[in-house]
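Trainee: Sharing a model that was predicted from the sequence below.
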2 protein chains.
Amino acid sequence: MSCQNFSMNNNSPTARNAAYYTEAAPILVAVDCIILGYDDDRLKLLSFKRKVEPFQNEWSVIGSFVNPSESVDDAAVRVLEEYTGLQNIFMEPLGCYGAVDRDPGARVISQAFFALIRLDEKEVQTVETHQAHWFDLSAVPKLILDHNQMVSDTLEKLYRKARYRPIGFELLPEKFSIPQLQNLYETIYGRTLDRRNFRKKILSMDILDKLDEKNKSSSRKGAFLYRFNQSRYQEMAEKGFDFEM
Amino acid sequence: MSCQNFSMNNNSPTARNAAYYTEAAPILVAVDCIILGYDDDRLKLLSFKRKVEPFQNEWSVIGSFVNPSESVDDAAVRVLEEYTGLQNIFMEPLGCYGAVDRDPGARVISQAFFALIRLDEKEVQTVETHQAHWFDLSAVPKLILDHNQMVSDTLEKLYRKARYRPIGFELLPEKFSIPQLQNLYETIYGRTLDRRNFRKKILSMDILDKLDEKNKSSSRKGAFLYRFNQSRYQEMAEKGFDFEM
DNA sequence: CCAAAAGTGTTATCGCTACACCCATGA
DNA sequence: TCATGGGTGTAGCGATAACACTTTTGG
């Protein structure tokens, strides 16, 4: 994303404005980040109590204004790290929210992103220090501004995207069982899938490595654990590959 | 997109800034619009000679800054109409282009849209008055800033989207023949399709109305014309419907 | 020994692919 | 009459969908 091809004395927006675009009205630009996790066989949304006015102490997704010195994408990465401490997280642009009166505090447009994270024990700490809460997606409260809209747009995108990219794995621990994976897809698709067909199909894709361990947390018999084979997936993705479940 | 739930004395961003968000640095927000058309069995990009510095007279897609009084989406609609005179055009958000130095004139982020239009005789006029040109997509020149990137992102989106929504019809005249439609899909997908299978599949969807007219422009025999049945499509789309060709 | 989840194969159906010949027409 | 593009059907194959019983083990 760098294109430092221009020599300039001063990079600040104000200085650059002076030369060109003098008629354009500046607008505040924010990023918001919808964070989804998966735990206890449920999709969850990470929500925070907003720290500033307006709407202080109401539920909100995380966000920040974009600094002049960072790209919009970088701002999203920064925000995600500030709030969760996590880096190298799956994150994709969701869309631009630009209604005139979406924020009564100012004319602010927001570029929204959605992130998928694995719920380990680690995050819980961060969650507590930031007055955050994981809401089950079926019980998301009223959020500020258009954030509820962002959440439902995220779900639709997830639903669609899951069909052609293996994003489910972003939500699961590194080692997971087939039933866990199936459960996740059933949640995303909102319908049940046939156990035998699911297993057959996912294994035939040849992108899972079977481990010797079993996960006994959800049954007496225990289910074998698998690991997503990223590099084998990459190979296949280049040849064209669909992931329809 | 309206949410006039807040009573305020003054809607200008400056006035609102005074109350909240005083620490945030304003950034210029632009919309850019990638316009595709289809003619002569080819996908074409509408390009314009830029009117202002920097990069005056270089090829560019159309764009504008977002006014404080309009939503981002409205700005895109306005721009499209200003340059082409067209209203009620298929247009969708493409993405946010927000690199720090993407525009040497100022810190500008651009929300890009892509539009699909039918090439009738009408537009040609507009094109001439605006120093515009339809480039065959295989021969798009160097455009300013990151506009070439926007174009290739549009093509990828078109390629993907064509599989699950009937956007092809946006590019064809109201009345079209099956071979015309097939040609368009071959162009979008970049591969040839079997004539019999294509016809069978598209007709089995039951979203085309056959007319009594024939289009004789491309063959002696002439090909029957069809019309896209929007309402029947809507019905089916609600029941879930894929459009894979 | 039993409850609860994991694991496994086969068959019928459907949709996709591949493929070749006649038709209508204007020049 | 012939060159050009339009229009049609069928058979094989592969993928999907439907379906029920056995295995393991902790309590």
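Mentor: That came in fine, so what should we check first? Numbers count the residues shown, from 1 in each chain, chains lettered A, B, ... in the order given.
Trainee: Counting residues, which helix of chain A comes out longest?
Mentor: helix A:147-161 (DSSP state H).
Trainee: Sort out which residues of it are buried, please.
Mentor: A:147, A:150, A:151, A:153, A:154, A:155, A:157, A:158, A:161 (16 or more other CB atoms under 10 Å in any protein chain shown). Quick note: C-beta positions are derived from backbone N, CA and C, even for glycine.
Trainee: Helices along chain A, start to end?
Mentor: Under DSSP H, chain A gives helices at A:13-19, A:72-84, A:122-129, A:147-161, A:168-171, A:178-189, A:195-204, A:230-238.
Trainee: Give me the mean pLDDT for the first one.
Mentor: This points to helix A:13-19. Helix A:13-19 carries an average pLDDT of 46.
Trainee: The fifth one now?
Mentor: Averaging the model's pLDDT scores along helix A:168-171 yields 92.
Trainee: Check which helices and strands it sits against.
Mentor: Helix A:168-171 sits against strand A:28-39, strand A:108-117, helix A:178-189, with contacts defined as 3 or more CB pairs under 8 Å, 6 or more residues apart in numbering or on different chains; DSSP states H and E.
Trainee: Adding mean neighbour count and mean pLDDT, write the ones you listed out as CSV.
Mentor: Output for the helices and strands packed on helix A:168-171, formatted as CSV (neighbours: other CB atoms under 10 Å in any protein chain shown; pLDDT from 0 to 100):
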stretch, mean neighbour count, mean pLDDT
strand A:28-39, 23, 95
strand A:108-117, 24, 97
helix A:178-189, 18, 95
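Trainee: just to revisit the earlier point, and the helices of chain A: which comes nearest residue A:224?
Mentor: Closest approach to residue A:224 among the helices of chain A (CB to CB): helix A:178-189, 7.5 Å.
Trainee: now that closest one, how far from the centre of its chain.
Mentor: 18 Å (CA atoms, centre = their mean, to the nearest Å).
Trainee: quick one on the thing from earlier: specify the angle between the longest helix of chain A and strand A:28-39 in degrees.
Mentor: With axes from the mean of the first three to the mean of the last three CA atoms, to 10 degrees defining the directions, helix A:147-161 sits at 60 degrees from strand A:28-39.
Trainee: Packing partners of helix A:147-161?
Mentor: So helix A:147-161, by 3+ CB pairs under 8 Å, 6+ apart, packs with strand A:28-39, strand A:90-97, strand A:108-117, helix A:178-189.
Trainee: Give me the contacts around the second one.
Mentor: Residues outside strand A:90-97 that contact it (CB atoms under 8 Å, 6 or more residues apart in numbering or on different chains) are A:32-34, A:73, A:76-77, A:80, A:109-117, A:146, A:149-150, A:153-154, A:157, A:161, A:167, A:170, B:72, B:93, B:95-96, B:111.
Trainee: on that earlier part again, sort the buried residues of helix A:147-161 by pLDDT and name the bottom one.
Mentor: residue A:161 (90).
Trainee: Go ahead and confirm it touches residue A:167.
Mentor: Yes. Look at residue A:161 against residue A:167 with CB atoms under 8 Å: they come within range, at 5.8 Å.
Trainee: Identify the residues contacting residue A:145.
Mentor: Listed by CB under 8 Å, 6+ apart, the contact partners of residue A:145 are A:55, A:60, A:102, A:103.
Trainee: Mind picking the two most distant members of these?
Mentor: Using CB to CB for every pair in the contacts of residue A:145, the one that comes out farthest apart is A:60 and A:102, at 13.0 Å.
Trainee: Which strand residues bridge the residue positioned nearest the centre of chain A?
Mentor: By CA atoms, centre = their mean, chain A has its centre lying nearest to residue A:115, at 1.1 Å. Taking DSSP bridges as the rule, residue A:115 bridges to residue A:35, residue A:91.
Trainee: That one and residue A:86, how far apart?
Mentor: According to CB to CB, to the nearest Å, residue A:115 and residue A:86 sit 8 Å apart.
Trainee: shared neighbours, the two?
Mentor: residue A:80.
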